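Asker: Got a sequence here, can you model it:
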Amino acid sequence: MAETKPVKIGVFDSGLGGLSVLRELRRQIPAQPVVYIGDQFHVPYGVRSLEEVRRFSFEVTQFLIRQGVQLIVVACNTASVAALHSLREQFSEIPFVGMEPAVKPAAEQTSSGVVGVLATFATFQGALYASVVERFAKDVTLLQSPCPGLVSQIEKGNLSGPETRAILKGELDPMLEKGIDTVVLGCTHYPFVIPTIEEIVGPKVRVIDPAPAVARQTARLLKEHGWLAEGNQKGAVDYYTTAEPEGMQRLLPILIGETAEVKKATWTDGKLI
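Answerer: Residues are numbered from 1 along each chain as shown. Predicted structure coming up:
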């Protein structure tokens, strides 16, 4: 009997942020082959209209399906807000895993009743975030910040330099003055600056990275469909970017401790090829 090939999964983000989710997927389900694409030509998604992000997400999804993936992780909070519901309707044969700001665990675990949420403008505007707040955070004070400029610094690989630190201090210090004891990361880029965040907020403030929960949900869905690749030997990852590949290729070892060739996917007349 011929061996069946392990099922490939797709992971996409506006840029490098989704690598924080990929890093966790590689820890939890290392044998699963992956196709990763960062739409760095359009990064950041968080300052764009939801309609525009939805259009990009549809094209990226079609690109991933052409690469043979059978499950897609939308490793971008803004794309999840803008497009996840529509993607599930349009591509009903594909299981999707999306991002949701971890407001629920933060609300359950806070002692001070004050929680900081770092996310993008688009995430805060979306119905998904509003729904999570309505359901789980009625009795909690949420202090929200879009951290303008932070995604751009992370895309450059600046995880702890003066500019990145200044952006984070400018947003977190006022939250600390108001008594936060928990910080929710509502953008997949932000886990890469957790060490800098922890230096600023100190050991008494909990920082919640959503990536482990997303990886667990991905593993559950794969197992449910009989697609989970067993074993600890790492499966192949095909990396794509819509910008010049050298930038992502240079930062892979820094961000996720892996080296690989990065290929280019090109936007042509609104289509991704």
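
Asker: What's the mean pLDDT across stretch 206-216?
Answerer: Taken as a whole, stretch 206-216 has an average pLDDT of 97.

Asker: how about that stretch: buried residues?
Answerer: Using 16 or more other Cβ atoms under 10 Å as the test for burial, stretch 206-216 gives 206-211, 213-215. Placement of C-beta: from N, CA and C, glycine included.

Asker: likewise stretch 80-90?
Answerer: Here stretch 80-90 shows 80-84, 87 as buried, counting by 16+ other Cβ under 10 Å.

Asker: Now the one helix or strand Glu198 maps to - C-alpha only, CSV.
Answerer: Assigned by DSSP states H and E, Glu198 belongs to helix 194-201. The C-alpha coordinates for helix 194-201 follow below in CSV (Å, rounded to 0.1, in the frame of the first residue of the first chain):
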residue,chain,number,x,y,z
ILE,A,194,7.3,40.1,24.4
PRO,A,195,10.8,40.3,26.1
THR,A,196,10.7,44.1,25.6
ILE,A,197,7.1,44.3,26.8
GLU,A,198,8.0,42.3,29.9
GLU,A,199,11.0,44.6,30.7
ILE,A,200,8.6,47.6,30.6
VAL,A,201,5.6,46.1,32.6
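
Asker: Output the lowest mean pLDDT helix or strand found in this structure.
Answerer: helix 121-125 (a mean of 90; mean pLDDT, DSSP states H and E).

Asker: now that one: how far from the chain's centre is it?
Answerer: 14 Å (Cα atoms, centre = their mean, to the nearest Å).

Asker: which secondary structure elements does the helix or strand containing Val117 contact?
Answerer: Using DSSP H and E, Val117 sits in strand 114-119. When contacts are defined as 3 or more Cβ pairs under 8 Å, 6 or more residues apart in numbering; DSSP states H and E, strand 114-119 sits against helix 103-109, strand 141-145, helix 162-177, strand 182-186.

Asker: ranges for the helices of this structure?
Answerer: Using DSSP state H, the helices of the chain run over residues 19-28, 50-66, 77-90, 103-109, 121-125, 127-136, 150-155, 162-177, 194-201, 211-224, 245-256.

Asker: now, the most widely separated pair of the buried residues of stretch 80-90?
Answerer: Across the buried residues of stretch 80-90, the longest distance by Cβ to Cβ is 11.8 Å; it joins Val81 and Leu87.

Asker: give me the number of residues near Trp227?
Answerer: 17 (other Cβ atoms under 10 Å).

Asker: What's the per-residue pLDDT of the residue nearest to it when sequence neighbours are not counted here?
Answerer: Leaving aside its chain neighbours, Trp227 sits nearest to Val7 (3.8 Å; criterion: Cβ to Cβ, 6 or more residues apart in numbering). You'll see Val7 listed with a pLDDT of 97.

Asker: is it true that Val7 touches Leu71?
Answerer: Yes - with contact defined as Cβ atoms under 8 Å, Val7 reaches Leu71; the gap is 7.1 Å.

Asker: Those two: which has the busier surroundings?
Answerer: Neighbour totals were compared for Val7 and Leu71, and Leu71 leads with 20 against 17 (other Cβ under 10 Å).

Asker: does the more buried one really touch Ala219, like I thought?
Answerer: No - contact criterion Cβ under 8 Å: Leu71 and Ala219 do not qualify, at 10.5 Å.
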